[in-house]
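Visitor: build the 3D model from these lines:
(chains A and B)
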Amino acid sequence: MNTPLNSSSVSKPPGLISRLGNFIDRTFQYWTIAPLVITLLLLMAYPSLQLLRMSVSEVDIVKGQAVWEFVGLKHLETARQDPVVPVALRNTLVFVIAVVIIETLLALTISILVSRSRHLVGLYRTVLLIPLLVPPIAIGTMWRLMYDYNYGFINQTLAVFGIAGPTWTADPKLAMPSIILVDLWHWTSFMFLIILAGLESLPQEVNEAARVDGASESQILRYITLPLLRPTLLTAVMLRTIFAFKVFDEIFLLTGGGPGTATEVISLYIYNVFSRQFRLGYASFLALGLAFIISIFVIFYRRVGQRAQE
Amino acid sequence: MNLHFVKKAQRGLFPILSLLIVLSFLLAACGPGATTETPAPTAAPTEAAAPTVPTEATAPPATEEPKPLPPITILINESPWLAGFEALANKYVEETGNQVTLNRTPFNGMLEKSRNAVQASESEFDILTLNEQWYMQFYADGLVTPIKEIDPNFVLDPQVIEYEWATRWDPELGYSSENGELYGLPINGNIMLFFYRKDLFEAQGLAAPQTWADVEAAAQKLKSADMSGYVVRANPPNWEFQAFLASYGGNVIKLDEQTGEWEVTFNSPEALEALNTWLKLGREYGPANYADNGQAEMIALMASGKVAQMVLVGAAAPDFDNPEKSTVIGKVAAVPVPGSAAGMNATMSGIWVMGIPHNLPDERKQAALAFLNWALSKDAQLFYAQSGAIPVRQDVYEEMANDPKMGWWMKAMADSTPFIHAQPRLAETPQIIEVLDRRLKQALISEITPEQALSEGAKEIYKILSDAGYKVKPLAE
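Guide: The predicted model follows:
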């Protein structure tokens, strides 16, 4: 039954303070994160825009002042004619594909073994994490000394058995595998850490039910563990791909891109163009190009992840 | 209701306060980093601070004494000659009472620190130490002050070696030349010397090599399973190769000072002869890892008695006399780097110069120049050499040639002065050097032929010069 309204029961329009209060109530969650969002945007957007601007400019420092000249897509043409760029891209791709595949397989195997181990799990974890804790500069120096042809630990050890050690970093065929070996030593523990965390978070009930149904351990691994682990694996592989594209320290310290151009990678070349040749515009263009290539890989992994979820 | 209002006010206050904090950070970030009236750096006890000044020296001077100059800070690289430079700076402090602080920096950070200093409103350093491959950029862009702007009456002592005008810049030519203006003063006279095992040479009845043919003949005789006949510098290779190139009468680029036109000569027949000689010595008489040796590895090879001959920076000589590092004390001799024929010797300049940043007040510039003037005097340079550094005066080398301890290599330094050659000294030099290093390394590991290395390298250098706007003669096929 409808009750007719009289004038006294009609509520007055809310006052300004009340409306402001309501507005704050409704949007409170946004206000609380607004400072952080604004700060992050400013911190991220300004350098990115500056990089973008530099990539279409020639920048020179004259009398202490930066002199900017817009050059459009000139750096694209320079990159097309630069003989180092295709070599560096090819080496980078070889490096990324090799380390991501090998490290994922190694880390997965070790994680499964450690997760199934009943003894000394804490010790395994600690020991396997050590390479991740060592600063890259120390890793590069340590391996440089180990690989040394005359005085290195590896060749000295081989000599004890009467084997003449190879020139690890001076042979164009061995230089990249030598770098990859160092990277495996350094980064497998990172993959191990993520994959082990993923393995330990999987529900054990499913495995137990499968065992009750008579599934073997290899069937459990293939049909239960790996499919459930897929999101974790994808995240780990994506992160490792991003880091691998940016490899610098190990190559800088071990070979400097040599011998010849055998280990020249794109991030090392960007460093040389920027820091040694001081071509700020061209280096920015190459840096943007590298970011673009990494983005393609990230999008690819996201698509694969989405498809797996469907 | 009051409670409700208070709650609302509290909620409103939070974002406003947060915004205020963010804005205050932003304002702080946008504000001036340092006041332009920053006092001149003092000898504050930082880990990099080196020479300390006795308290007496900083005490107020007596009225009749001249007013002490402002303290100066020198950016200096951590290198084998740093100890000698520290001793020199300490002596200056002792003798003059002026304060000096050294900012010691590893080689890899030197260029970045120097660039940051000259881009600031006022440089934190009063003197920059600039490497052979950097100073032309600082000269060309006016980032260091011409010496005559600081002291119009300045005259460089003719005994100070200018290393094919590493000290000068001609803005019209865009190159270092004799007629250029004085921008930097040399402080470390690194050039190459030829080191060889005199004990092995004497045992085989060999004379000190004068030519590359002599070097090869000696390498053939002395090479064994434990001994390399010769070792080339592969990391980076450009510097050593340029000496070979100059000894065959070749250049990387050549300037016609009359027309101002450049010519790329890296693909000349002389360059091919030089490259073939360099490759042959490196591959046939070098160690198995001949493509992987830098300066440190070469010094280690000679000091441990594993190589008979090499071209190396003169500053390495004291290492061979150091009982903590060397097993060949008294067995190594030095002579000027050989040539393609007798008298065609060539050594490359790899010196360091000191420049005074453009962005300093006048009194700081005066103080910096006073130090440099003092440091280049004969007495100071003698002391500098005796302290283990590499002097830059010819008369000091000649006097030190009789020194019982260092005479063996100081004489070679003195004898090498007429054969000093310059690397390309353009603002684009770092780009050219990158090409040389890459192509020479490729040739060394047989990734490409010597002809390809020179021809492709020449094309790249031609493009670098053309793109930078230089007048360049067409490339010879």
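Visitor: list the helices and strands the host helix or strand of residue A:250 packs on?
Guide: Using DSSP states H and E, residue A:250 sits in helix A:249-254. With contacts taken as 3 or more CB pairs under 8 Å, 6 or more residues apart in numbering or on different chains; DSSP states H and E, helix A:249-254 sits against helix A:136-147, helix A:172-200, helix A:266-271. Heads up, the C-betas are built off the backbone N, CA and C, glycines and all.
Visitor: give the other helices and strands that the helix or strand following the longest one contacts.
Guide: If you walk from helix A:172-200 toward the C-terminus, the next helix or strand you reach (DSSP H and E) is helix A:204-212. For helix A:204-212, the contact count by 3+ CB pairs under 8 Å, 6+ apart identifies helix A:217-220 as packing neighbours.
Visitor: quick one: distance of the helix it packs on to the chain centre.
Guide: 31 Å (CA atoms, centre = their mean, to the nearest Å).
Visitor: and it, what does it pack onto?
Guide: helix A:204-212.
Visitor: what comes up buried for the helix it packs on?
Guide: A:207, A:210 (16 or more other CB atoms under 10 Å in any protein chain shown).
Visitor: so residue B:220 makes contact with residue B:285?
Guide: Yes: here residue B:220 reaches residue B:285: they are 7.4 Å apart, a contact under CB atoms under 8 Å.
Visitor: phi, psi of the closest residue to chain A within chain B?
Guide: Nearest residue of chain B to chain A, counting by CB to the nearest CB: residue B:292, 3.2 Å away. Main-chain dihedrals, residue B:292, degrees, to the nearest 10: phi -130, psi 10.
Visitor: out of everything not next to it in sequence, what's closest to it?
Guide: residue A:170 (3.2 Å; CB to CB, 6 or more residues apart in numbering or on different chains).
Visitor: name the element that neighbour belongs to?
Guide: Using DSSP H and E, residue A:170 falls outside every helix and strand.
Visitor: what's the burial count for the residue in the stretch 151-300 of chain A that chain B sits nearest to?
Guide: Residue nearest to chain B within the stretch 151-300 of chain A: residue A:170 (3.2 Å; CB to the nearest CB). Per other CB atoms under 10 Å in any protein chain shown, the neighbour tally for residue A:170 reads 26.
Visitor: secondary structure class for residue A:263?
Guide: Secondary structure, DSSP: H, G, I helix; E, B strand; the rest coil: residue A:263 is coil.
Visitor: now the helices and strands packed on helix A:249-254 as a markdown table including distance to residue B:309?
Guide: Compiled in a markdown table, the helices and strands packed on helix A:249-254 are given as follows (distance: least, CB to CB, whole Å):
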| stretch | distance to residue B:309 |
| --- | --- |
| helix A:136-147 | 26 |
| helix A:172-200 | 26 |
| helix A:266-271 | 33 |
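Visitor: thinking again about what came up before, contact partners for the residue nearest to residue B:292?
Guide: Contacts for residue A:170 (CB atoms under 8 Å, 6 or more residues apart in numbering or on different chains) come out as A:149, A:259, B:234, B:288-292, B:445.
Visitor: and those, which are buried?
Guide: A:149, A:259, B:234, B:289-292, B:445.
Visitor: now, among those, which is nearest to residue A:267?
Guide: Of all the buried ones among the contacts of residue A:170, residue A:259 has the smallest distance to residue A:267: 18.9 Å, by CB to CB.
Visitor: looks to me like the closest one is in a helix.
Guide: No: assessed with three-state DSSP, residue A:259 is coil; it does not lie in a helix.
Visitor: go through the helices and strands packed on helix A:249-254 and pick out the most buried.
Guide: helix A:266-271 (a mean of 21; mean count of other CB atoms under 10 Å in any protein chain shown).
Visitor: and it, what does it pack onto?
Guide: helix A:84-116, helix A:249-254, helix A:280-309.
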